[in-house]
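1. below are the sequence and a predicted model for it; my questions follow.
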Amino acid sequence: MRLSDLAKDKRGKEFRPRLRRVRSEGWRDRVRVRMIPAQSPEQWEARRENLAHSFNARSCRVRVLRPRLLELDFIHSDPLSRPVPVPALSVDESAVNLKKIVVGRTETGRAWTLRLLGAQLLVVGVPGAGKGSVLWSIVWQLAPAVRAGLVRLVGIDPKGGMELGQCPDAFDKVVYDNGPDAVALLEEIAAEVKERAVRYRGVRRLWARSTGEPFTVLIVDELADLIAYQPDKQLRERASRAIQTITSQGRAPGYALVGLVQDPRKEVVSFRHLFSTRVALRLDEPQQVDMVLGDGVRQRGAAAHEISENTPGVAWLKTDGQREPERARAFHVTDADLIELGAYFTRATVHDFPGLPAGEGSAAA
């Protein structure tokens, strides 16, 4: 503590942090510490590297438990080094929980869940980082609800269908470019958001299954191709306006955007703040971690720029209102799994979505 400048002398008296508890979990040691008066967590975060090397650990993370009480995680091995296989496809649409879609496993062994109802999701990672794993893990878990008409998937893949074209039967509508058709689809969804919000006004505050209308998930692969790299300025601005409408107003009416992008810079995605959940897969630069997850998150141990090329699907995630980031790995969805997923959809009518109950007007929605 003295060598790390985490102990202080005052008028001949030395103040040292107190060791409260140590627990070993094999892959990490959890060390609980009580800080000295006038000390802040940021001072410990600035000494993470020093502490990790001092205790022969691969890394050290700092978590705040409550005022003056910290827990240091000394990481010795990676529990996410092996791929996580996808579970068996379910046939029970009632088991699909839009507030907790299981897409993988966290490093503590718990299920990695993502919230879609009332949330917007941004997934960032370099090529080969595993964005497709996150995307198809979401579709895989939504499949029973999609087949039953409770959830509608809409997709845009500017790469000509290289990603979403692997299982087109999952989608109600899908466009394979970043041109006028893609922008028109975005504007169509934005108009639906506004129209449904008008009908819900004074009736309900958040979409529910009882509305008789499907929850809509818009998946945009390579989001930057629409809002930053599109050479036509008019199309680019129209796409940006439509996406901002969906992300800012779609929460209550039952619309979620899953945007995937490689470059998280502000000039590429200027409205990152509208995504309530952000996932950082492997990134190129340390500065990009804070761009995706928020200021100071890298200093607390979210080293997305240090994720190995050999572990695609490993990511750090942060949700609004949650101080500490979490590390997890998405399911490994293989080509064979996608073939099975396509067969799952083709065995039933996928896009026959239920309408409003007979005899009820729009105000009853």
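-> Nice, I can see it. Residues are numbered from 1 along each chain as shown.

2. can you count the residues close to residue 94?
-> By other CB atoms under 10 Å, 11 other residues sit near residue 94. C-beta coordinates here come from the backbone N, C-alpha and C atoms, glycine included.

3. for residue 346, same thing?
-> If you count neighbours by other CB under 10 Å, residue 346 ends up with 11.

4. excluding sequence neighbours, find me the nearest residue to it.
-> The shortest distance from residue 346 to any non-neighbouring residue, by CB to CB, 6 or more residues apart in numbering, is to residue 169 (5.5 Å).

5. cool, and residue 47?
-> Using CB to CB, 6+ apart and skipping the chain neighbours, the partner closest in space to residue 47 is residue 4 (4.8 Å).

6. that neighbour contacts residue 49, doesn't it?
-> No - with contact defined as CB atoms under 8 Å, residue 4 does not count as touching residue 49 (10.2 Å).

7. before we move on, back to that, what about the residue nearest to residue 346, distance to residue 186?
-> As judged by CB to CB, to the nearest Å, residue 169 and residue 186 stand 22 Å apart.

8. who has more neighbours, those two?
-> Neighbour comparison, residue 169 and residue 186: the larger count goes to residue 186, with 26 against 17 (by other CB under 10 Å).

9. and residue 112, how many residues sit next to it?
-> When neighbours are counted by other CB under 10 Å, residue 112 registers 24.

10. what helix or strand is residue 50 on?
-> helix 48-54 (DSSP states H and E).

11. could I get the CA-only coordinates of that helix as CSV?
-> Coordinates of the C-alpha atoms in helix 48-54 are reproduced here as CSV (Å, rounded to 0.1, in the frame of the first residue of the first chain):
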residue,chain,number,x,y,z
ARG,A,48,-4.7,-1.4,-11.1
GLU,A,49,-1.7,-2.3,-13.1
ASN,A,50,0.6,-1.9,-10.1
LEU,A,51,-1.6,-4.1,-8.0
ALA,A,52,-2.0,-6.8,-10.6
HIS,A,53,1.8,-7.3,-11.1
SER,A,54,2.4,-7.2,-7.4
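
12. what's in contact with it?
-> By CB atoms under 8 Å, 6 or more residues apart in numbering, the surrounding residues in contact with helix 48-54 are 3-4, 44, 57-62, 72, 74-75, 299, 301.

13. list the contacts for residue 187?
-> Contact analysis of residue 187 by CB under 8 Å, 6+ apart lists 238, 242.

14. quick one: which helix or strand includes it?
-> Assigned by DSSP H and E, residue 187 belongs to helix 180-200.

15. measure the residue nearest to residue 35 when sequence neighbours are not counted to residue 126 for me?
-> Leaving aside its chain neighbours, residue 35 sits nearest to residue 68 (5.0 Å; criterion: CB to CB, 6+ apart). Distance of residue 68 to residue 126, given as CB to CB: 39 Å.

16. between residue 4 and residue 49, which one's more packed in?
-> Neighbour count, other CB under 10 Å: between residue 4 and residue 49, residue 4 has more, with 14 against 10.

17. now that one: how far from residue 58?
-> 18 Å.

18. quick one: low-confidence parts of this structure?
-> Scanning the chain for pLDDT under 70 picks out 348-365.

19. 80 instead?
-> Applying pLDDT under 80 to the chain flags the ranges 266-267, 323, 347-365.

20. break it down into its domains, please.
-> Residue ranges for the domains of the chain, per automatic domain parsing: 8-75, 84-346.

21. so for the shortest one, first residue to last residue, what's the gap.
-> Spelled out, it's domain 8-75. One end of domain 8-75 sits 27 Å from the other (CA to CA, to the nearest Å).
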